[in-house]
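> Below are the sequence and a predicted model for it; my questions follow.
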Amino acid sequence: MRAALSGLSSGRSWAVVERALRAIGRMNWLVILTGFFEPVLYLLAMGLGMGGMIGSIPGPDGRPMSYAAYIAPALMASSAMNGALIDSTFNVFFKIRFSKLYETMLSTSLGPADVAIGEIVMALLRGALYALGFLGVMGTMGLVTSWWALAMIPVALLIAFGFAALGMATTSFMRTFQQLDLVFLVMLPMFLLSSTLFPITVFPPVVQWLIMALPLWHGIELMRQLSVGILTPMTFVHVGYFVVLGVVGAIAVTLRLRKLFLR
């Protein structure tokens, strides 16, 4: 067991983060900020525009809430998912298959765990930026009704952790740019079905169970509960889901990077 884990980390994940921050400093920040504006525009169009026609909708505790307050936490969870997946798929694919950046990193004292952790931390930083901005928009619109809503920020990081680890592990198996289309093929239906814009009770029971197996549904339900200050046993199930998803994904990508570049 010890031999299988040897050489995975040198404890210098911060070097990967530092390199990524320097690269971002030379990028066009508008590219990064688009990930923040998309859910805000959804909230304005759907929450305020269509929300006036829909009226109230049952919340996590059964009490009625405005449609804007209903979809805002879901859009925050979706924003964390989008930022983490885009960062951990397209960027990671380029670094693995074209720039050979990871191969160069692993020729130094860095181990595959350092690379994996560093990239996941960058996804978390991006998720934190989106979460803070979106929570500020929710507060400005009067959609924050409980101090528990502040817990939505670390939850956004937890969601980003799970999706970043999963995305990076999946990307390590991809060989062509065409395969990256599968990312959007999965993201869009998951966004539409996971109670983002309407409750899943509109579906047959079998479909509801399938949706409840999706990671985004757990993230949205967790965000929605915190937005109104409701904690139930399912709250801890949602948290545990993403902890397991993130840990398993991080271990998988670490082992995958070792297999790809440390033969």
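It's in.
> Backbone dihedrals for residue 99, please?
Residue 99 adopts backbone torsions of phi -80, psi -20, taken as degrees, to the nearest 10.
> can you count the residues close to it?
Around residue 99 there are 10 other residues, counting by other Cβ atoms under 10 Å. The way it works is simple: take the backbone N, C-alpha and C, and place the C-beta from them, glycine included.
> Rounded mean pLDDT for stretch 10-23, please.
Averaging pLDDT along stretch 10-23 yields 77.
> pull the longest helix from the chain.
When the chain is parsed with DSSP state H, its longest helix is helix 67-97.
> what's the helix or strand just after that one in contact with?
For helix 67-97, the succeeding helix or strand toward the C-terminus, using DSSP states H and E, is helix 101-105. With Cβ atoms under 8 Å, 6 or more residues apart in numbering as the contact definition, helix 101-105 has outside contacts at 16, 95, 96, 114, 115, 257, 260, 261.
> how about a cut-off of 6 Å?
Contacts with helix 101-105, where a contact means Cβ atoms under 6 Å, 6 or more residues apart in numbering, come from 95, 96, 115, 261.
> dump the residue contacts of the third one.
The one in question is residue 115. Residue 115 neighbours (Cβ under 6 Å, 6+ apart): 16, 102, 105, 257.
> follow-up on the earlier one: if we take the contacts of helix 101-105, which one ends up nearest to residue 185?
The nearest member of these to residue 185, counting by Cβ to Cβ, is residue 96 at 20.4 Å.
> which non-adjacent residue is nearest that closest one?
Leaving aside its sequence neighbours, residue 96 sits nearest to residue 102 (Cβ to Cβ, 6 or more residues apart in numbering; 5.8 Å).
> That neighbour: neighbouring residues, count only.
Counted with other Cβ under 10 Å, the neighbours of residue 102 add up to 22.
> what's the answer for residue 43, then?
For residue 43, the neighbour count with other Cβ under 10 Å is 23.
> got the residue ranges for the helices in the stretch 1-150 of the chain?
With DSSP state H, counting those that start in this stretch as the criterion, the stretch 1-150 of the chain has helices at 2-5, 13-25, 29-42, 51-54, 67-97, 101-105, 112-140.
> Give me whichever of these is most buried.
helix 67-97 (a mean of 25; mean count of other Cβ atoms under 10 Å).
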